[in-house]
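Chemist: next input, structure requested:
(chains A, B, C and D)
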Number of protein chains: 2
Amino acid sequence: MVGVSTRTVRHYHHLGLLPEPERLANGYREYRLRDAVALARVRRLAELGLSLDEVRDVLADDQGRELREMLLELDADLAREQAAIADRRARLAALLAEADLHPDSTVSPDMAEVLRGLPTGSSAFAELDRELLTLAATLSDSEGGAEFADLLRPLTEPEAYARGHALIARLDELADADPGDPLVAAVARDLADHLPDEMVSVMLASLDDAANGQWLEELLRELPAAQAEVFRLLVTQLKERG
Amino acid sequence: MVGVSTRTVRHYHHLGLLPEPERLANGYREYRLRDAVALARVRRLAELGLSLDEVRDVLADDQGRELREMLLELDADLAREQAAIADRRARLAALLAEADLHPDSTVSPDMAEVLRGLPTGSSAFAELDRELLTLAATLSDSEGGAEFADLLRPLTEPEAYARGHALIARLDELADADPGDPLVAAVARDLADHLPDEMVSVMLASLDDAANGQWLEELLRELPAAQAEVFRLLVTQLKERG
DNA sequence: CTTGACCATGACGTAGCGTCAACGTTTCTA
DNA sequence: TAGAAACGTTGACGCTACGTCATGGTCAAG
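Modeler: This is a model prediction of the structure:
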């Protein structure tokens, strides 16, 4: 009659949502009309989206005004959920449109162009950069890592990035060098002098936060020793200049 | 960086969504930048609403067109969910509006009026009727029991019900009577002659279906023997008339 | 040496039932 | 009248995506 499984009914018995009916001599439960009525009430509330615990509370408080509160709160929940779904569908649509144009890419079209501009394979530094930029691009349209992505976003601007592009070759030359090599200091000075303003401000802002300072250290461990040393020197110089 | 708990990361390792990184000498996992990149991709897909199994499938099929299918299917799911939520909010709003007018009622306003018209307390038959009508009203704006509610809906029409109202007194007189009492046959004939057309058609339609026939027998068991006998006779007569 | 802050594995809890499993009862059928 | 099929009973595990202990090892600071 009510359209639920026997398992569901027993579950409600177990949770105390529904009183157990009389048993027959053989132990079978015998349901009467009022049980169906009670079950239908439970189902109506449950289908509105109340949890079974909430349903129990409402039924226990038999028609207090608590029902109103819960229903209002529930409506607010549903509204939030609706908004979240709309947001997901929007991002999904964007992702689909993008996939139509660049079926091989996992990031946004302009970002993909930047990545294609990087030297591939032979350059270890470019490899790190590629990963870093991919990470930033991936995080930037998710939810959790928004703050981190904000820090790196200026790096994903095509122009800003193109200006720093030529520096990669100089860094790659240091791949196998010794951290004490005089070239290290030279490249660091060059970087400090010619680095685009956006990148400098991003780095300084990043260093202000203790947690980001940690990340920087971790990132440098991915690089050959001499390259890492370049960045340590660079950081020192930039800090001195303010 | 990515904004998830370590527990989540380990969960992804366990599910095979994310490769386990190298271990340090002490057994600690050492994560590198590419792990963060991989994790970010998992999160992006998961936050779009894919299940973790689906995420694994997508990542395994590395950029096949299967991604498109899944995303389209997912979008359809989300659309359905959106519609479902909208529906629930609509019912919820109706319920809230109704509660404002009649804080003590659990059914729709017109139904509440019908119920108030029934004799209360002293009449066992009215009591059964009240439960039956409440059940129908409760089911009618839920989902599962729609078919059953459709059968009983004509009974909830105020006019139709009011016309049958006077018959209740006659039935109540039989509460303690013997099933063989001559009054039983008399009341049954009276009912057959004066029952509103809507109720007759509902009963006949209901009897056509085997499952509903079952329900009728169950319902009759709720009544005193003489009253139940009245309805059995009534059913026989109505069937003969077609 | 202690204290606290990490890391590791393993296991249980969550919501709302679906789905066996193992066994007794009733009803239909040969 | 016996056996099969179709019910009923209780009990327990499965599912999602992790949160939250429990228990124990590791490491840096006071």
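
Chemist: for the host helix or strand of A:Ala97, packing partners?
Modeler: Using DSSP states H and E, the secondary-structure element containing A:Ala97 is helix A:66-101. In terms of contacts (3 or more CB pairs under 8 Å, 6 or more residues apart in numbering or on different chains; DSSP states H and E), helix A:66-101 is packed against helix A:52-60, helix B:66-101. Where you see a C-beta, it was placed from the backbone N, CA and C, and this is true even at glycine.

Chemist: worst mean pLDDT among those?
Modeler: For the helices and strands packed on helix A:66-101, the weakest mean pLDDT is recorded on helix B:66-101, namely a mean of 82.

Chemist: helix or strand for A:Ala36, just tell me which one.
Modeler: Under the criterion of DSSP H and E, A:Ala36 resides in helix A:33-47.

Chemist: now do the helices in chain A.
Modeler: With DSSP state H applied, chain A shows helices at A:6-15, A:33-47, A:52-60, A:66-101, A:109-117, A:124-140, A:146-152, A:158-164, A:167-173, A:182-194, A:197-208, A:210-220, A:225-241, listed in chain order.

Chemist: how about TSV for the ones you listed, with mean neighbour count added?
Modeler: Listed next are the helices of chain A as TSV, based on neighbours: other CB atoms under 10 Å in any protein chain shown:
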stretch	mean neighbour count
helix A:6-15	14
helix A:33-47	21
helix A:52-60	16
helix A:66-101	14
helix A:109-117	15
helix A:124-140	21
helix A:146-152	17
helix A:158-164	14
helix A:167-173	16
helix A:182-194	15
helix A:197-208	15
helix A:210-220	14
helix A:225-241	17
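
Chemist: and of these, who's closest to B:Glu222?
Modeler: Of all the helices of chain A, the one in closest proximity to B:Glu222, counting by CB to CB, is helix A:33-47 (5.5 Å).

Chemist: tell me if that closest one is near chain B.
Modeler: Yes - Helix A:33-47 comes into contact with chain B when judged by CB under 8 Å from any CB of the partner chain, the residues involved being A:Leu33, A:Arg34, A:Ala36, A:Val37, A:Ala40, A:Arg41, A:Arg43, A:Arg44, A:Glu47.

Chemist: which residues touch that helix?
Modeler: A:1-4, A:9, A:12, A:17-19, A:21, A:52, A:54-55, A:58-59, B:88, B:106, B:128, B:131-132, B:134-135, B:138-139, B:141-145, B:219, B:222 (CB atoms under 8 Å, 6 or more residues apart in numbering or on different chains).

Chemist: give the contact list for whichever residue of chain A sits closest to DNA strand D.
Modeler: Relative to DNA strand D, the nearest point of chain A is A:Arg29 (3.4 Å; CB to the nearest atom of the strand). Under the criterion of CB under 8 Å, 6+ apart, the contact list for A:Arg29 reads A:Glu20, A:Pro21, A:Glu22, A:Arg23.

Chemist: most surrounded residue in the residues you listed?
Modeler: Of all those, the highest neighbour tally under other CB atoms under 10 Å in any protein chain shown goes to A:Pro21, namely 16 neighbours.

Chemist: verify the stated contact: it with A:Arg10.
Modeler: No - taking CB atoms under 8 Å as the contact criterion, A:Pro21 and A:Arg10 are not neighbours in contact, 11.4 Å apart.

Chemist: any low-confidence regions in chain A?
Modeler: Using pLDDT under 70 as the threshold, the predicted model of chain A has low-confidence ranges A:62-65, A:99-114, A:117, A:119-122, A:140-166, A:196, A:198-199, A:202, A:206-215, A:242.

Chemist: show me which residues of it sit near DNA strand D.
Modeler: Along chain A, the residues adjacent to DNA strand D under the rule CB under 7 Å from any atom of the strand are A:Thr6, A:Arg10, A:Gly27, A:Tyr28, A:Arg29.

Chemist: biggest separation within those, which pair?
Modeler: The most distant members of the residues of chain A next to DNA strand D, if one measures by CB to CB, are A:Thr6 and A:Gly27, lying 14.6 Å apart.

Chemist: separation between A:Leu234 and A:Glu218?
Modeler: Look at A:Leu234 and A:Glu218: by CB to CB, to the nearest Å, they are 17 Å apart.

Chemist: and the residues of chain A next to DNA strand D near DNA strand C, which?
Modeler: Intersecting the residues of chain A next to DNA strand D with the surroundings of DNA strand C, defined as CB under 7 Å from any atom of the strand, gives A:Gly27.

Chemist: ok, the residues of chain A next to DNA strand D vs A:Ala188, which is closest?
Modeler: A:Arg10 (72.8 Å).

Chemist: separation between that closest one and A:Val4?
Modeler: On the measure of CB to CB, A:Arg10 and A:Val4 end up 10 Å apart.

Chemist: also A:Val58?
Modeler: Relative to A:Val4, A:Val58 is positioned 18 Å away (criterion: CB to CB).

Chemist: ditto for A:Glu20
Modeler: A:Glu20 is 16 Å from A:Val4, where distance means CB to CB.

Chemist: domains of chain A?
Modeler: Taking automatic domain parsing as the criterion, chain A consists of the domains A:6-60, A:65-101, A:109-241.

Chemist: of the ones you listed, which is nearest B:Ala177?
Modeler: Of all those, it is domain A:6-60 that lies closest to B:Ala177, at 21.6 Å by CB to CB.

Chemist: now the end-to-end length of the closest one.
Modeler: The first and final residues of domain A:6-60 sit 23 Å from each other (CA to CA, to the nearest Å).

Chemist: just how off-centre is it within its chain?
Modeler: Between the mean C-alpha location of domain A:6-60 and the chain-wide mean there is a distance of 40 Å, by CA atoms, centre = their mean, to the nearest Å.

Chemist: same deal with stretch A:219-239?
Modeler: 28 Å.

Chemist: that stretch near chain B anywhere?
Modeler: Yes - residues of stretch A:219-239 contacting chain B under CB under 8 Å from any CB: A:Leu219, A:Glu222.

Chemist: alright, calling it a day.
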